[in-house]
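# Coordinates for the following, if possible.
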Amino acid sequence: MESGLNSIFAMSGPMRLALFMAITGICMIAGAFISFSIVGLIMHASLADMQTILLSPEHVMMAQFANALASVIAFGGPSIAIAFFAKGYWLRNMGFNKINNVEQVIIVIVLAIAGLFLSGALGDLTEKIPLPTSMNAWAKSMEDQYKKHF
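Numbering: from 1, shown residues only. The predicted model follows:
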């Protein structure tokens, strides 16, 4: 589908960014609610008991499914919505264009490899940030609790 000149998103760049951020926030809330509601229906549990149930070791796969579904809704939904209502063909607005030459593929591969190295360096760098001892102890306990459950 291609939208015409009277697109509802014929607006300035900053306004489009603000709208995208607002839709992203709404989709984060909706994605968490939808994914954990689906998991609650599958597991026959209420939303109030969901945290304790999903933190148990026997439900790791269900917790990963819920988090993955929430992420797809939270970050895929706004992108698809904005691309669909913007001017032009919606797949092209999302960046799905024809590959014109091999140079584009090489650039994407180099950026992906650089991202892998930089993410590791960023993780090492964040560990060197000085934190108050109470906050550091709290963060370590949360990390240990996460590792224990998963």
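
# Quick one: list the elements packing against the longest helix along the chain.
Criterion DSSP state H: the longest helix present in the chain is helix 13-43. Applying 3 or more CB pairs under 8 Å, 6 or more residues apart in numbering; DSSP states H and E, we find helix 13-43 packed against helix 50-54, helix 60-71, helix 77-85. C-beta: built from backbone N, CA, C; applies to glycine.

# in the protein, which helix or strand is least confident?
strand 2-3 (a mean of 51; mean pLDDT, DSSP states H and E).

# so which of the helices and strands packed on helix 13-43 is the most packed in?
helix 77-85 (a mean of 17; mean count of other CB atoms under 10 Å).

# For that one, give the mean pLDDT please.
Average pLDDT, helix 77-85: 83.

# what packs against the very next helix or strand once past it?
Counting by DSSP states H and E, the next helix or strand C-terminal to helix 77-85 is strand 88-89. The helices and strands touching strand 88-89, judged by 3+ CB pairs under 8 Å, 6+ apart, are strand 2-3.

# repeat that with 7 Å
Packed against strand 88-89, as judged by 3 or more CB pairs under 7 Å, 6 or more residues apart in numbering; DSSP states H and E, are no other helices or strands.

# which parts of the helix or strand just after that strand are buried?
Using DSSP H and E, the helix or strand that follows strand 88-89 towards the C-terminus is helix 90-93. Residues of helix 90-93 classed as buried by neighbour count (16 or more other CB atoms under 10 Å): 90, 93.
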